[in-house]
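Give me a model of this one.
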Amino acid sequence: MRLPTWALTKESNNRLISLPGPHQYLMKLKLRGWLCCVLLLSSSVLAGQRNAGDLCFLWYNVENLFHPGNDSLPLDDEFTPEGTRHWTLTKYYRKLTALAKVILASGGWEPPELVGLCEVEGAGVLEDLVSHPILKPYHYAFLHKDSPDHRALDVACLYRTEQIGILEWGVFPSRVLRGETRDMVHVCFTFGKKDTLDLFLVHLVSKYRGAGLSAESRRKQVEHLLHCMDSVHALRSSGMILAAGDFNDNPQSYSMEPLRRGRLGKDTLQWVTPELSLSLAGTYKYQGTWSYLDQIHCCGPSEGFRVSSSVLALSPLISSDEVYGGLRPKRTYQGYSYEGGISDHLPVVVHLRRIPGRQSLFQAPAER
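This next block holds a predicted model:
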């Protein structure tokens, strides 16, 4: 099996390494192509180079990021070389490389300080990602704990150790009505001179049992999330609080009503409406309909920062929708046919920009 030159085989502990030679040069050329896509297609992300005290955060559902090695978990057998999807180390490393390029490009001139991910198999995959030669120079570390999800797909966080510190972190159960699902992650970061950011990362129950049957479970999860956020707000009322993730429902849905009405102390919780390309209408497309499954909800001080977000619609992440028309996210597999993309979701980029004087915390998307 032919493998990328920056990766050792599984028998060599599956460590990603950087090797000198022409292959690195080719990787640099391909990476420049991705950065050109950012310059051409994502002007909102490149509104300006980040200043001291600013913060950039990327959220991305990376859809079935499994290592192809077989283990005792039966529900990942299809993502092995012998499985129905013929998921090999070559395809796995190709997806890691594409994901590393997205992370690097999402921050514009500087990679994001924080990255939230879901549908990641575990710590081994995260170690491979942060050790990738594209990301290794930026000193990312990861926070992760195995959750009781029935497919062993977890929520995780990457952070740049030289740019941001950790005050505390942990996970808490999702408290669904029945069944097992992934835990929620909470991290309190310190950045700038004395700022804090409490970040909650979630991946709520999917609609595989049907939207109506699972809506109550998602609502219970949202209520529990809001309770945890309120507890943190009581401790650090002057800090910024973000809840980000794949909520598996639109912001206007029944299950999301607690967040729409949510207040943390005297502060209102708000959905940070993302900027979008004219050809897109959400972060996820199902049977021709776009949805905002991936959301950012924010609460924080009314002065000091402006929060904005955008959907990262880079051309390598988009494909033509031959069935329903228009565009759709380019998936790793379309059905059982290998397509070579990253995910059926599009990533969301959030900027926290320090501003002088008293201004609105939330920046409305520019008119199109």
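
Residue 165 contacts residue 189, doesn't it?
Yes - the pair residue 165 / residue 189 is scored as a contact, 6.7 Å apart, by Cβ atoms under 8 Å. From N, CA and C alone the C-beta is placed, and that goes for glycine too.

neighbour count winner among the two?
The residue with more neighbours, out of residue 165 and residue 189, is residue 189; 25 against 12, by other Cβ atoms under 10 Å.

Would you agree that one falls within a helix?
No - checked against DSSP: H, G, I helix; E, B strand; the rest coil, residue 189 lies outside a helix; its state is strand.

okay, it: pLDDT?
Looking at residue 189, its pLDDT reads 96.

Which stretches in the stretch 151-300 of the chain count as helices?
211-235, 257-260 (DSSP state H, counting those that start in this stretch).

any residues touching the first one, and which ones?
Under the contact criterion Cβ atoms under 8 Å, 6 or more residues apart in numbering, helix 211-235 has outside partners 172, 174-179, 184, 186, 188, 198, 200, 202, 204-208, 241, 243, 247-249, 253-259, 262, 264-265, 267, 269, 299.

Using neighbour counts, trim those to the buried set.
For the contacts of helix 211-235, a burial check counting by 16 or more other Cβ atoms under 10 Å picks out 174, 176, 184, 186, 188, 198, 200, 202, 204-205, 207, 241, 243, 247-249, 253, 255-256, 258-259, 262, 264, 267, 269, 299.

Low-confidence bits of this structure, can you list those?
Applying pLDDT under 70 to the chain flags the ranges 1-49, 72-75, 175-180, 209-211, 302-303, 357-368.

Now do residue 61 against residue 295, distance only.
For residue 61, the distance to residue 295 equals 11 Å [Cβ to Cβ, to the nearest Å].

These two - which one has more neighbours?
It is residue 61, of residue 61 and residue 295, that has more neighbours when counted by other Cβ under 10 Å, with 29 against 24.

My reading is that that one is in a strand; is that accurate?
Yes - with three-state DSSP as the criterion, residue 61 is located in a strand.

wait, it sits on residue 203?
Yes - counting by Cβ under 8 Å, residue 61 touches residue 203, with 7.2 Å between them.

Quick check: neighbours shared by those two?
The overlap between the contact sets of residue 61 and residue 203 (Cβ under 8 Å, 6+ apart) consists of 118-119, 246.

Just those: which are in strands?
Those of the shared contacts of residue 61 and residue 203 mapping onto strands are 118-119, 246, per DSSP state E.

out of these, which is most surrounded?
Ranking these using other Cβ under 10 Å puts residue 118 first, with 27 neighbours.

On the strand side of things, show who that one bridges to.
Using DSSP bridges, the bridge partners assigned to residue 118 are residue 61, residue 155.

Next, the contact list for it, please.
Counted by Cβ under 8 Å, 6+ apart, residue 118 has contacts 60-62, 153-156, 182, 201, 203, 245-246.

Throw these into CSV and include distance to residue 79, thanks.
Putting those into CSV (distance: Cβ to Cβ, whole Å) gives the following:
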residue, distance to residue 79
60, 18
61, 16
62, 13
153, 10
154, 15
155, 18
156, 18
182, 17
201, 23
203, 18
245, 22
246, 19
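
okay, among those, which ones form the most distant pair?
Using Cβ to Cβ, the contacts of residue 118 span at most 15.1 Å, a distance reached by 60 and 182.

Who are the contact partners of residue 352?
54-57, 197, 240, 305-307.

which residue sits closest to it, ignoring its sequence neighbours?
residue 55 (4.2 Å; Cβ to Cβ, 6 or more residues apart in numbering).

Could you pull up phi and psi at that neighbour?
Here is the backbone geometry of residue 55 (degrees, to the nearest 10): phi -140, psi 140.

Now do the contacts for it.
113-114, 164, 191-192, 197, 351-352.

Pick the one among those residues closest to residue 328.
The nearest member of these to residue 328, counting by Cβ to Cβ, is residue 351 at 25.9 Å.

Can you name the residues bridging to the closest one?
Going by DSSP bridges, residue 351 forms beta bridges with residue 56, residue 308.

do you know how far it is from residue 276?
Residue 351 is 15 Å from residue 276, where distance means Cβ to Cβ.
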